[in-house]
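A.B. asks: When you get a sec, could you give me coordinates for this:
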Amino acid sequence: MVTSWAVTLLIFAAGAIFLADMLSGKRVPGPTGVDQTAKRKSSHVDIVLNQNVDYLKSTGFEKYEFVHNALPEIDFDKIDTSVGLFSHKFSAPIIVSSMTGGFKRAGQINAALAEFCSEKSIGMGVGSQRQALSNEDYIDTFKVVRRVAKDIFVMGNIGAAQVVSGFALENARRIVDMVEADALAVHLNALQELIQPEGDRNFRGVLAGISRLVRAIKIPVIIKETGAGIGADAARKLIDAGVSAIDVSGAGGTSWAAIEMLRREEDGRRVGRKFWNWGIPTAEALVRVNAIPTRKKIKLISSGGIRDGIDVAKSIALGADLCAAAQPFLKALDEDGVNGLVREFDAWMEELKGVMFLTGSRDLKQLRKAKLEKVAA
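C.D. replies: Here you go, the predicted structure:
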């Protein structure tokens, strides 16, 4: 087991997370023949490490508070946090969100995360697999997940622009087979593409592409935003297209408009500044999607600024089935290796179970019915 890490981590709030080795203060080169995508990811790392790119608004969870139950009438040690997702059972409603792959030492990171997820019986997502399809040097940084953990729930990863182009239909099976994926996540990142200097602004056909993808592969398709949130109208269309789960990935964490703005020259940053704070806060996105009539056809996942077990508990009470997060776990891994990762997760569990105890919720079904009041406009 790896116990120390000489890496600095890029926080990808709603989605892929990429890594750079910073021992010498220099950016780590990728494999021979690094493409423009890899270079762009490296620039993302540099910006996140050295600039403040957080949203100026919150996730909205602070606007809600649980009503304390002075007579919980339950045994803390018998609280059940388990939950099912498709054919898998998790010990807790937590997925270590889409992360990395395609960089030096990314395989080590994925191996440690996979081992951890197996030990804790929770799910895991990998980062964008697009590069691995065009450069075999990247493949092993993804395949290592299954070598380490045969039993965990794993999400593959593809972007919305690739779905439009037909890339997904041609390569979905390769992506799935690469990590023996239990589900395939499609990232909706229109805001990022809008601000990105080399962004793909043609999102015409995304919904049709998702519908084709759902019919073309046998495993569940999960739709995940990348930090700007999914509202009710978009969710209804996605459910009608046949997706199995929606991850709202709301605003309140890292702003990808800010990151892409900072990659531009100074005289080209105005639009990025204007859209820095664009998006639906995570709590609000959950409320909106949970309220639509067809919501029960899908699993609903909360991500975007989830930072502790109390955020997880509020997400469940607002309608989520599970939560996904990356930044807190990667920071813990970077700071103190696997031991730090375990401590962070255990703290989340203590906080989640604490809320359940103080609301008299023996399991997540009861937590969904716990009294949660809006305390601020």
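A.B. asks: hey, where'd the strands end up in the chain?
C.D. replies: Ranges of strands within the chain are 7-9, 19-21, 64-66, 83-85, 88-90, 94-96, 123-125, 154-159, 183-188, 221-225, 245-247, 299-302, 322-325, 372-374, based on DSSP state E.
A.B. asks: What are the buried residues along the longest helix belonging to the chain?
C.D. replies: Criterion DSSP state H: the longest helix present in the chain is helix 327-358. Buried residues in helix 327-358, counted by 16 or more other CB atoms under 10 Å: 327-330, 332-334, 336-338, 340-342, 344-345, 348-349, 351-353, 355-358. (Glycine included, C-beta is placed from N, CA and C.)
A.B. asks: quick one, helices of the stretch 1-150 of the chain?
C.D. replies: 36-50, 106-120, 130-134, 140-148 (DSSP state H, counting those that start in this stretch).
A.B. asks: what's the pLDDT at the residue nearest to the spatial centre of the chain?
C.D. replies: Most central in the chain under CA atoms, centre = their mean is S97, positioned 3.7 Å from the mean C-alpha point. Reported pLDDT at S97 in the predicted model: 89.
A.B. asks: Surely V375 touches K63?
C.D. replies: Yes. The criterion here is CB atoms under 8 Å, and V375 meets it with K63 at 6.3 Å.
A.B. asks: Comparing the two, which shows the higher neighbour count?
C.D. replies: Comparing V375 with K63 by neighbour count (other CB atoms under 10 Å), the higher total belongs to K63, at 16 against 9.
A.B. asks: Quick one: low-confidence residue ranges for the protein.
C.D. replies: The chain contains residues with pLDDT under 70 at 1-51, 102, 377.
A.B. asks: could you pull out the helices for the stretch 201-350 of the chain?
C.D. replies: Along the stretch 201-350 of the chain, counting by DSSP H, counting those that start in this stretch, helices occupy 206-216, 232-240, 256-262, 270-274, 282-290, 309-317, 327-358.
A.B. asks: mind putting the ones you listed in JSON lines, distance to E225 included?
C.D. replies: Listed next are those as JSON lines, based on distance: least, CB to CB, whole Å:
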{"stretch": "helix 206-216", "distance to E225": "12"}
{"stretch": "helix 232-240", "distance to E225": "9"}
{"stretch": "helix 256-262", "distance to E225": "10"}
{"stretch": "helix 270-274", "distance to E225": "18"}
{"stretch": "helix 282-290", "distance to E225": "8"}
{"stretch": "helix 309-317", "distance to E225": "15"}
{"stretch": "helix 327-358", "distance to E225": "16"}
